[in-house]
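Undergrad: Coordinates for the following, if possible.
(one chain, ligands or ions: 3)
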Amino acid sequence: MHQYKGKLIVHTGSMFSGKTSSLEKDMKRFVIAGYSTLAFKPTVDTRYDSNEIKTHDNTILQAILVDTVDDIVRYVEDDTPSVIGIDEVQFLGGKIEDIVKSIKGFLNNDITVIIAGLDMDFEGEPFEIVKELMPLSDYLYKHHAVCVNCGTDAWVSHRKIGTKERVVIGATREYEPLCRRCFLKEKEIEDDIVNKNQVEFDIK
Ligand SMILES: Nc1ncnc2c1ncn2[C@@H]1O[C@H](COP(=O)(O)OP(=O)(O)O)[C@@H](O)[C@H]1O
Ligand SMILES: Cc1cn([C@H]2C[C@H](O)[C@@H](COP(=O)(O)O)O2)c(=O)[nH]c1=O
Ligand SMILES: [Zn+2]
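TA: Numbers count the residues shown, from 1 in each chain. Ligands and ions are numbered 1, 2, ... in the order given. You can find the predicted model right below:
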C-alpha cells in the first residue's frame with residue numbers, strides 16, 4: 001500500500017501533447033488508490049483563471065490557484081496531502097531555486113509531486129524550471145502532440161501570432177504543435193517576410 005511515497009513525476013512536451021491529461025489521469029488514479037491529493041495551478045491571468053485544470057479536450061480537475069510556490073507550501077502544511085499536482089509549472093512565480101528547494105522538501109517528506117509543464121517556449125528555448133526538474137524526476141515522460149503540418153511527432157509549440165513576449169496565454173488560435181522540420185520551415189518563411197518588409201521600408 002502507498003508505494004508512491006516521495007516520487008517526482010514529470011510530464012513535459014509541447015502544447016497539445018497530453019501533459020495536463022496525464023497529470024489529471026495520475027491524480028485521479030491516486031484518489032482511487034486512497035491517497036489524499038491536492039492540485040495546484042499558477043494564476044497567470046486573473047481575468048480568465050478558474051479553480052479548475054482543463055485539458056484541450058475539456059476534461060476537468062479541481063485545482064487551487066496559486067501565485068508562488070510559497071502558497072503551495074502553506075496549503076501543504078495545512079492539509080498534509082500525500083500527493084500534489086502542479087499544472088503549468090513554467091508559470092509558477094518566484095525564484096527557480098526556491099521552487100526546486102520546496103519541491104525537494106515535499107519529496108523528502110514523502111509527498112509525491114506530479115508536475116506538468118512545457119519544456120520549451122515558442123522559440124524552442126527551454127523553460128528554466130522544467131529544465132531543472134527533469135533530471136530530479138523519478139518518472140519522466142516527454143509527450144508528443146501531432147505535428148499539424150505533416151502528422152509526425154511534434155517537437156515545439158509554434159506561435160502563429162506576431163507577438164514576441166514570452167508569456168501569451170492561448171490555444172489553437174495562437175499556437176500549433178510542429179515537428180522540428182516544419183518549425184524550421186515556418187521560421188524561414190517568417191524571416192523572409194520580415195526581411196521583405198524591411199527592404200520595402202528602406203526603399204520608402
Ligand atoms: N495536434 C494535436 N496533437 C495531439 N492532440 C491534439 C492536437 N490538437 C488538439 N489535441 C487535443 O489535445 C489533447 C491534449 O490536451 P492536453 O492534455 O491539455 O495537452 P497539453 O497539456 O500538453 O497542452 C489531446 O487529447 C487532443 O484531444
Ligand atoms: C509555447 C508557449 C505557450 N505559452 C502559453 C500558452 C498556453 O496558455 C500555455 C500552455 O498550455 P498547455 O497546457 O501546455 O497547452 O502556455 C506561453 O505563454 N508561451 C509560450 O512560449
Ligand atoms: Zn511536421
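
Undergrad: what about the residue nearest to G18 when sequence neighbours are not counted, distance to R180?
TA: Of all residues not flanking G18 in the chain, H143 sits nearest, at 4.7 Å (C-beta to C-beta, 6 or more residues apart in numbering). Just so you know, the C-beta spots here come from the backbone N, C-alpha and C atoms, and that holds for glycine as well. In this view, H143 and R180 are 16 Å apart by C-beta to C-beta, to the nearest Å.

Undergrad: Tell me the secondary structure at the nearest residue to E186 once chain neighbours are set aside.
TA: Excluding the flanking residues, the one nearest E186 by C-beta to C-beta, 6+ apart is H158, at 5.8 Å. Secondary structure assignment for H158 (DSSP: H, G, I helix; E, B strand; the rest coil): strand.

Undergrad: still on that earlier bit, now do the contacts for the residue nearest to G18.
TA: By C-beta atoms under 8 Å, 6 or more residues apart in numbering, the residues touching H143 are H11, T12, G13, S14, S17, G18, K19, S22.

Undergrad: can you give me the helices for this protein?
TA: 19-32, 69-79, 96-108, 128-133, 180-203 (DSSP state H).

Undergrad: With mean pLDDT, mean neighbour count and distance to P42 as added columns, please give these in a markdown table.
TA: Converted to a markdown table, those look like this (pLDDT from 0 to 100; neighbours: other C-beta atoms under 10 Å; distance: least, C-beta to C-beta, whole Å):
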| stretch | mean pLDDT | mean neighbour count | distance to P42 |
| --- | --- | --- | --- |
| helix 19-32 | 98 | 19 | 13 |
| helix 69-79 | 97 | 16 | 9 |
| helix 96-108 | 98 | 16 | 11 |
| helix 128-133 | 98 | 18 | 11 |
| helix 180-203 | 83 | 12 | 26 |
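
Undergrad: between those, which one is nearest to R166?
TA: helix 128-133 (11.0 Å; C-beta to C-beta).

Undergrad: Take that closest one, keep the C-alpha atoms, and write them as CSV.
TA: What follows is helix 128-133 as a C-alpha-only set of coordinates in CSV (Å, rounded to 0.1, in the frame of the first residue of the first chain):
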residue,chain,number,x,y,z
GLU,A,128,14.1,27.0,-16.9
ILE,A,129,12.1,25.4,-14.1
VAL,A,130,11.2,22.3,-16.3
LYS,A,131,14.9,22.1,-17.3
GLU,A,132,15.8,22.0,-13.6
LEU,A,133,13.1,19.4,-12.6
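
Undergrad: Establish whether it and ligand 2 are in contact.
TA: No. Helix 128-133 lies out of reach of ligand 2 by C-beta under 6 Å from any ligand atom, never closer than 10.8 Å.

Undergrad: For that helix, which outside residues touch it?
TA: If you take C-beta under 8 Å, 6+ apart as the criterion, helix 128-133 is touched by 8, 10, 12, 89-90, 92, 96, 99-100, 103, 115, 117-119.

Undergrad: so how far is that helix off the chain centroid?
TA: Distance of helix 128-133 from the chain centroid (C-alpha atoms, centre = their mean, to the nearest Å) equals 11 Å.

Undergrad: Can you confirm whether that helix lies near ligand 1?
TA: No. Helix 128-133 lies out of reach of ligand 1 by C-beta under 6 Å from any ligand atom, never closer than 12.3 Å.
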